[in-house]
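In: Sequence and predicted model, in that order:
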Amino acid sequence: MGKVLLAAPRGFCAGVERAIETVERVLERHGPPVYVRRQIVHNTHVVRDLAERGAVFVDELDEVPVGSVVVLSAHGVAPEVHAQAAERELSVVDAVCPLVTKVHREAERFAAEGYQIALVGHEGHEEVTGTVGHAPGRITVVESPEQARALPVADPERVVWLSQTTLAVDEVAETVGALRERLPLLADPPGDDICYASQNRQDAVRAIAPRCDLLLVVGSANSSNSARLVEVALRAGAGDARLIDDAGQVRDEWFDGVTTVGVSSGASVPEVPVSGLVAALAARGFAEVEEVPVADETLRFALPRRLAAVSPPPTPPSGAAPAAADGPRAAGRPSGDG
């Protein structure tokens, strides 16, 4: 008989819950179709479920009919996206995670103070692209210690680092360490940019990884925080670690010599595919399940302010500006979650 170690916390974070509920509420108010720019969160199960209920996911706003309601994803966007929405007279509901908005505000403030910003993150990720747009010309994306050591610097006394929220803590620390070796006066962000949920899920994986012959992370391939959990598991001592969308991607050859399997999931993953994986593992003989908790998450974010009264705007007079997009509002603050 084999054993399953179930990491906790896992699955949906407060920002993801807020984003999904935002789309659900807009669908309830207006009925389908409701347009969503990019994937609301990076998970195939969530996107498929919302699409079946009438959400239409588009890459860019020029695919949205003029005057429609559009939801912007949890990853955040550059100001130019809001400007394009205004040009197309769209009613915008912004589902950006408040913790991402925090990084946007930091970037704007440091840019206004004349700092060069080293943004530790992955070039091309939606969150990173959005953050860069809040301080154009002042941000350089730094993906690795090697890039940190080669960063062109105009004034060594006016450089600050910020981070993509979904990275692994160790990954950020290594890159920031390389920056600081070169720039002893490197400024720090006013608070931890790594999302509390990413931190907690990484800590939970670290707690079980040394005991696991195989650790399975449920999450989609384009989910940064899910992919980081696989990396964390391997660094923390798991015999093997794999990223899967659901039990259908599990392979027989992974289980040779395996007696203990760890299970976790990224912050954008619903519990259903996790439960399905645990059931599939039980069918393979891994019937004993031990949940290993490392943190209790109570943080919740309020829905976007405009959602209470959101409706397609009336056709404005020629030259009139459409209503402004809403901003995020947090219902609480992290307490002990990082």
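Out: Structure received. A quick note: this is a predicted structure, and the numbers were derived from the prediction, not measured.
In: quick one: low-confidence parts of the protein?
Out: Across the chain, residues meeting the criterion (pLDDT under 70) sit at 308-338.
In: Recalculate using a threshold of 90.
Out: Counting by pLDDT under 90, the ranges of the chain that qualify are 1, 191-192, 305-338.
In: what residue is smack in the middle of it?
Out: Closest to where the C-alpha atoms of the chain average out (Cα atoms, centre = their mean) is residue 166, at 5.5 Å.
In: buried stuff in stretch 269-282?
Out: For stretch 269-282, a neighbour-count test (16 or more other Cβ atoms under 10 Å) marks 269, 270, 273, 274, 277, 278, 281 as buried. C-beta here means a position set from N, CA and C on the backbone, and glycine is covered the same way.
In: Inside strands: which ones of those residues?
Out: Among the buried residues of stretch 269-282, no member falls in strands (DSSP state E).
In: Could you export those residues to CSV, including columns for distance to residue 160?
Out: Converted to CSV, those look like this (distance: Cβ to Cβ, whole Å):
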residue, distance to residue 160
269, 33
270, 36
273, 39
274, 38
277, 41
278, 43
281, 45
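In: Quick check: the gap between the closest residue to residue 222 other than its chain neighbours and residue 151.
Out: Once flanking residues are discounted, residue 222 sits nearest to residue 42: 4.8 Å by Cβ to Cβ, 6 or more residues apart in numbering. Residue 42 sits 28 Å away from residue 151, going by Cβ to Cβ, to the nearest Å.
In: What segments of this structure are strands?
Out: Assigned by DSSP E, the chain shows strands spanning 3-8, 34-37, 55-58, 69-72, 91-94, 116-120, 139-142, 159-163, 214-218, 241-244, 260-265, 288-293.
In: so how far is stretch 69-79 off the chain centroid?
Out: 13 Å (Cα atoms, centre = their mean, to the nearest Å).
In: In PDB, list the C-alpha atoms belonging to that stretch.
Out: Only the C-alpha atoms of stretch 69-79 are listed here, as PDB (Å, rounded to 0.1, in the frame of the first residue of the first chain):
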ATOM      1  CA  VAL A  69     -18.700  44.800 -21.100                       C
ATOM      2  CA  VAL A  70     -15.200  43.400 -20.800                       C
ATOM      3  CA  VAL A  71     -13.400  41.800 -17.800                       C
ATOM      4  CA  LEU A  72      -9.700  42.200 -17.500                       C
ATOM      5  CA  SER A  73      -7.700  39.300 -16.100                       C
ATOM      6  CA  ALA A  74      -6.200  38.800 -12.600                       C
ATOM      7  CA  HIS A  75      -2.700  39.300 -14.000                       C
ATOM      8  CA  GLY A  76      -3.100  43.000 -14.500                       C
ATOM      9  CA  VAL A  77      -2.600  45.200 -17.600                       C
ATOM     10  CA  ALA A  78      -0.700  48.200 -18.800                       C
ATOM     11  CA  PRO A  79      -2.400  51.600 -18.800                       C
END
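In: neighbours around residue 199, how many?
Out: Residue 199 has 18 neighbouring residues, counting by other Cβ atoms under 10 Å.
In: does it really touch residue 169, like I thought?
Out: Yes. Using Cβ atoms under 8 Å, residue 199 is in contact with residue 169, at 6.2 Å.
In: gap between residue 107 and residue 188?
Out: 14 Å.
In: likewise residue 140?
Out: Residue 140 is 17 Å from residue 188, where distance means Cβ to Cβ.
In: between these two, who's got more neighbours?
Out: Applying other Cβ under 10 Å to residue 140 and residue 188 shows that residue 140 carries more neighbours, namely 16 against 12.
In: partner residues bridging the more buried one?
Out: Per DSSP bridges, residues listed as beta-bridge partners of residue 140: residue 118.
In: just residue 92 next, same as before
Out: Using DSSP bridges, the bridge partners assigned to residue 92 are residue 70.
In: count of neighbours near it?
Out: For residue 92, the neighbour count with other Cβ under 10 Å is 26.
In: cool, and residue 222?
Out: Here the number of neighbours of residue 222 (other Cβ under 10 Å) works out to 14.
In: That one contacts residue 38, correct?
Out: No. Between residue 222 and residue 38 there is no contact under Cβ under 8 Å: 10.4 Å.
In: Am I right that residue 12 is in contact with residue 266?
Out: No. Judged on Cβ under 8 Å, residue 12 makes no contact with residue 266 at a distance of 9.4 Å.
In: so how far is residue 28 from the residue nearest to residue 206 when sequence neighbours are not counted?
Out: Among residues not flanking residue 206 along the chain, residue 236 sits closest, at 4.4 Å (Cβ to Cβ, 6+ apart). Distance of residue 236 to residue 28, given as Cβ to Cβ: 42 Å.
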